[in-house]
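> Generate a structure from the sequence data that follows.
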Amino acid sequence: MSGVRRTLGILAACVVFSSGACARVPKAAPADSPARVMADEPAPARTNLFITQIAIHPARPETVFALTTYAVGLLKSTDGGRHWAFANRGIRSYSLYQLAIDPRNPDVVYVGAGGGGLYKSVDGGATFTEKNDGLGNTNIGSILLHPRDPDRLYIVTSTGVQISPDGGESWEAWNEGDDFTQSQQFQDLVILPSAPETVLLASNRGVFVRRVGDPAWMLASPELAGRPITAMALHPDGRRVFAAAFRDGKTLEGGGLYVSEDRGAHWSLWGRDATLARQWIRKIRFDPRHEGVVYLATSTAGVLSSDDDGLTWTERNEGFSERDVRTVTIDPVHPDRLYAGTYGQGLFLSIDAGRRWAALDDVPDLDAEIIIASLKVREPERPAPSVAPPPSFAKCNACHGWTDPDLNLAPHSFWLVPPNRRDWGPTVRRMGLNAKLTPEEEVEIRDFLTAYSSRGMR
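As a prediction, this is how the structure comes out:
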């Protein structure tokens, strides 16, 4: 069996990896060559590479990071996407969802994992360290750096917002009144330049608001109450906020783009294009240099662009082999240069504002077995465990494994949990459903994992 077939065969039955993510892809001509980008035929189909976030170095735009979910982790290119390399050293999770670069110090890179917490690099992605001390929930769905103080981090977890005032060194919960944050599909944050400072939080039950000094989150407006909000963004004018509402699950209508001009208190449907009502909008991006130019990444219509601030839209999909586009990112120096990440078909580049796209194929090959093996390797500096798991802990290994070899009793499992510092209560409760833990066993395992994960490791 070839390496590609072996990888796909292994991952087909994998809970976390879904349908796989590690097949070797063919070499291609340079992504921005005229023959490649202006080809008449669509880019070759890609499989098993799920791109959810793309971030560009603000001063050196040839440096690009791409985040994969259920795949090979974090990828980095230093030549504008022609070649890619792994940037996973120190990351002990492969369910990666969020990516952010400090605009003041671009060597600082943050990665958020589903269940693995926050990882921070201070050397441009060469190495990462966990930043989970005091973080009550490590299931991260959104990361936002404060626009005036990037050391101040806001993250959205499955139990609400957590804030770090010092670049992840410490955390405090900011989730009072939050009984609505759940799915990672519907989490986004916007900080408004107002006094008092106002934060808007998108969720699967509408848009919520909290100002500095407020005791709790409150529904921002009844106009979007109960509506899943899939994306939110502040307009460059600093006044308007755009929010994408998800379509009705039965009628497939009723979605679209909404705008608020009063800090989320009122929302109105925006635009003259009725087709947005049926779209699943994943990202809203405003061109930093061309006034009125907006791009949408959608899971239903690929990339849409507008040159009139979103009143009308045009599909920009020539060259795509997949219309499920999870993210689109604009080069801050050359705004006609766009990167797009698709669900299952990899990375694409456009050098003409989305009119044509070409696949960025030179992504390294990595077998699933190598990924899993690397997560199970003991870190040399990690002290030997001083606490032993209780007998009930074996039940947890029946449904998943662990990235720590001292805990992993399920060598053939591809669902691996990192035993990092966190509030283990929510995690163990989720485990308890599949592992059939009794309430007493949940308490026992929670206390053990709390002690185990606090063994002097950061």
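
> residue ranges for the helices of this structure, please.
Per DSSP state H, the chain carries helices over the ranges 3-12, 34-37, 368-375, 394-397, 424-435, 439-452.

> What is the burial count for residue 219?
17 (other CB atoms under 10 Å). The way it works is simple: take the backbone N, C-alpha and C, and place the C-beta from them, glycine included.

> repeat for residue 149
10.

> Then residue 201?
29.

> likewise residue 60?
12.

> In contact with it, which residues are there?
residue 106 (CB atoms under 8 Å, 6 or more residues apart in numbering).

> Also the one 3 residues further on?
Listed by CB under 8 Å, 6+ apart, the contact partners of residue 63 are 56-57, 76-78, 106, 124.

> Any stretches of the stretch 201-350 of the chain with poor pLDDT?
251-252 (pLDDT under 70).

> In it, what residue spans correspond to strands?
All strands of the stretch 201-350 of the chain, identified by DSSP state E, counting those that start in this stretch, fall at 206-211, 218-219, 229-234, 241-245, 256-260, 268-269, 281-286, 294-298, 303-306, 314-315, 325-330, 338-342, 347-350.

> among the ones you listed, which is nearest residue 48?
strand 338-342 (11.3 Å; CB to CB).

> And the closest one, how far out from the chain middle?
Its chain's average C-alpha position is 14 Å from that of strand 338-342, according to CA atoms, centre = their mean, to the nearest Å.

> try stretch 290-307
Distance, centroid of stretch 290-307 to centroid of chain: 19 Å (CA atoms, centre = their mean).

> hmm, back to that, buried subset of the contacts of residue 63 as a PyMOL selection?
With 16 or more other CB atoms under 10 Å as the burial test, the buried ones among the contacts of residue 63 are selected in PyMOL as follows:
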select buried, resi 56+57+76+77+106+124
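
> Among the contacts of residue 63, list the two that are farthest apart in space.
Maximum distance among the contacts of residue 63 (CB to CB): 14.5 Å, for 77 and 106.

> what's the neighbour count on the residue nearest to residue 362 when sequence neighbours are not counted?
Take residue 362 and drop its neighbours on the chain: the residue closest to it by CB to CB, 6 or more residues apart in numbering is residue 83, 4.8 Å away. Neighbours of residue 83 under the rule other CB under 10 Å: 16.

> for stretch 255-270, which positions count as buried?
In stretch 255-270, counting by 16+ other CB under 10 Å, buried: 255-260, 263-264, 267, 270.

> Now do the phi/psi pair for the residue nearest to residue 362.
phi -130, psi 150 (degrees, to the nearest 10).

> In PDB, could you pull the C-alpha coordinates for stretch 108-127?
The C-alpha trace of stretch 108-127 is given here as PDB (Å, rounded to 0.1, in the frame of the first residue of the first chain):
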ATOM      1  CA  VAL A 108       4.800  36.800  18.200                       C
ATOM      2  CA  VAL A 109       2.300  34.200  16.800                       C
ATOM      3  CA  TYR A 110      -0.700  32.700  18.600                       C
ATOM      4  CA  VAL A 111      -2.400  29.400  17.800                       C
ATOM      5  CA  GLY A 112      -5.600  28.300  19.400                       C
ATOM      6  CA  ALA A 113      -6.500  24.600  19.600                       C
ATOM      7  CA  GLY A 114      -9.800  22.800  20.200                       C
ATOM      8  CA  GLY A 115      -9.200  21.300  23.600                       C
ATOM      9  CA  GLY A 116      -5.400  22.000  23.500                       C
ATOM     10  CA  GLY A 117      -5.500  25.600  24.600                       C
ATOM     11  CA  LEU A 118      -3.300  28.500  23.500                       C
ATOM     12  CA  TYR A 119       0.200  28.200  22.100                       C
ATOM     13  CA  LYS A 120       2.500  31.200  21.700                       C
ATOM     14  CA  SER A 121       5.600  31.700  19.600                       C
ATOM     15  CA  VAL A 122       8.100  34.600  20.100                       C
ATOM     16  CA  ASP A 123      10.400  33.600  17.300                       C
ATOM     17  CA  GLY A 124       8.200  33.800  14.200                       C
ATOM     18  CA  GLY A 125       6.700  30.300  14.500                       C
ATOM     19  CA  ALA A 126      10.000  28.400  15.000                       C
ATOM     20  CA  THR A 127       8.900  27.100  18.500                       C
END
